[in-house]
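In: Any chance you could fold what I've pasted below:
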Amino acid sequence: MRQLAEGVFQLLGRPPHFMNAYLVDDVLVDAGTPAAGRRIVAQLRGRELAAHVVTHAHPDHFGSSHVVCEEFGIPLWAGADDAAAIETATPVPAAGWLPGLLAKGKMPPPHPVARRLVEGDQVGSFVVLDVPGHSPGHIALWRESDRTLLCGDVFFRLPKVSAPWNFLTFDVVRNHQAMRRLAALRPALVLFGHGKPLRDPDHLARVAAALPTPAGAE
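Out: Here you go, the predicted structure:
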């Protein structure tokens with residue numbers, strides 16, 4: 001594991017930075033695909049864990065959640081509006097034909113969501129932000145003291161910072177709103193679901209400024 005901030009570690013992935021999982025204080029944030037389970041468990045073994053948080057109910061983020069929670073006997077927490085998708089292993093809807101095709105594939109094992117997270121909830125030293133759009137119940141984690149942000153898939157960094165791909169996003173307009181909200185925080189450190197960490201407080205704002213103008217805002 002690589003330490004990125006106080007109490008914040010990035011787990012090693014294959015390939016590096018492509019599908020990220022983080023240890024935040026004593027909470028695992030996201031769990032990659034089902035193929036990542038053994039690797040995640042090995043990196044966490046010997047550590048005290050209190051819970052596992054999923055930023056959103058896409059299979060590349062809760063793929064190994066069931067394995068991790070069972071192995072360590074910890075509860076799973078997720079955004080209130082994504083909880084049912086995780087508990088039933090049901091694909092979150094999105095626009096276009098590709099999500100429907102992906103939905104016919106094998107989903108990760110379901111797992112009960114012990115805590116439905118909402119705006120303002122505390123997760124370790126971080127606070128929950130409701131940022132729906134990429135999925136109905138997408139959440140981010142924000143720590144004001146050192147301006148560290150775990151943004152999930154509100155932004156991608158593959159390799160450039162951008163909006164997530166429209167064809168995998170539940171509501172593109174709402175995700176753009178979430179992008180603007182997170183950019184306004186001017187985070188000193190941004191940790192993505194996909195991509196390398198970013199240390200530039202103004203970078204997200206530049207990306208958000210290039211988004212289409214919201215309807216009625218002209």
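In: Let me see the backbone angles for A42.
Out: phi -60, psi -40 (degrees, to the nearest 10).
In: burial measure for it, as a count.
Out: Around A42 there are 11 other residues, counting by other C-beta atoms under 10 Å. For the C-beta atoms, the positions are set from N, CA and C on the backbone; glycine is no exception.
In: where's it relative to D26, distance?
Out: Counting by C-beta to C-beta, to the nearest Å, the separation of A42 from D26 is 18 Å.
In: all strands for the protein, in order.
Out: Ranges of strands within the chain are 2-5, 8-10, 22-24, 27-29, 51-54, 76-79, 115-117, 122-123, 126-130, 139-143, 148-152, 156-157, 161-162, 189-192, based on DSSP state E.
In: want to throw the ones you listed into TSV with mean neighbour count?
Out: Conversion of those to TSV gives the following (neighbours: other C-beta atoms under 10 Å):
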stretch	mean neighbour count
strand 2-5	14
strand 8-10	21
strand 22-24	22
strand 27-29	26
strand 51-54	26
strand 76-79	26
strand 115-117	18
strand 122-123	16
strand 126-130	20
strand 139-143	25
strand 148-152	27
strand 156-157	20
strand 161-162	18
strand 189-192	23
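In: could those go into CSV alongside mean pLDDT and distance to T169?
Out: Rendered in CSV, the data for the strands of the chain read as follows (pLDDT from 0 to 100; distance: least, C-beta to C-beta, whole Å):
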stretch, mean pLDDT, distance to T169
strand 2-5, 98, 26
strand 8-10, 98, 24
strand 22-24, 98, 22
strand 27-29, 98, 20
strand 51-54, 98, 17
strand 76-79, 98, 15
strand 115-117, 98, 20
strand 122-123, 98, 24
strand 126-130, 98, 16
strand 139-143, 99, 15
strand 148-152, 98, 12
strand 156-157, 98, 10
strand 161-162, 98, 12
strand 189-192, 98, 15
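In: Go ahead and confirm V113 touches D81.
Out: No - taking C-beta atoms under 8 Å as the definition, V113 is not a contact partner of D81, at 11.1 Å.
In: So for those two, which sits in the more crowded spot?
Out: For V113 versus D81, the count of surrounding residues by other C-beta under 10 Å is larger for V113: 24 against 21.
In: Just the pLDDT for the more buried one.
Out: With respect to pLDDT, V113 scores 98.
In: List the contacts of it.
Out: If a contact means C-beta atoms under 8 Å, 6 or more residues apart in numbering, then V113 has L76, W77, A78, A83, I86, E87 as its contacts.
In: Spatially, which two of those are the most separated?
Out: Using C-beta to C-beta, the pair of these lying farthest apart is W77 and E87, separated by 12.3 Å.
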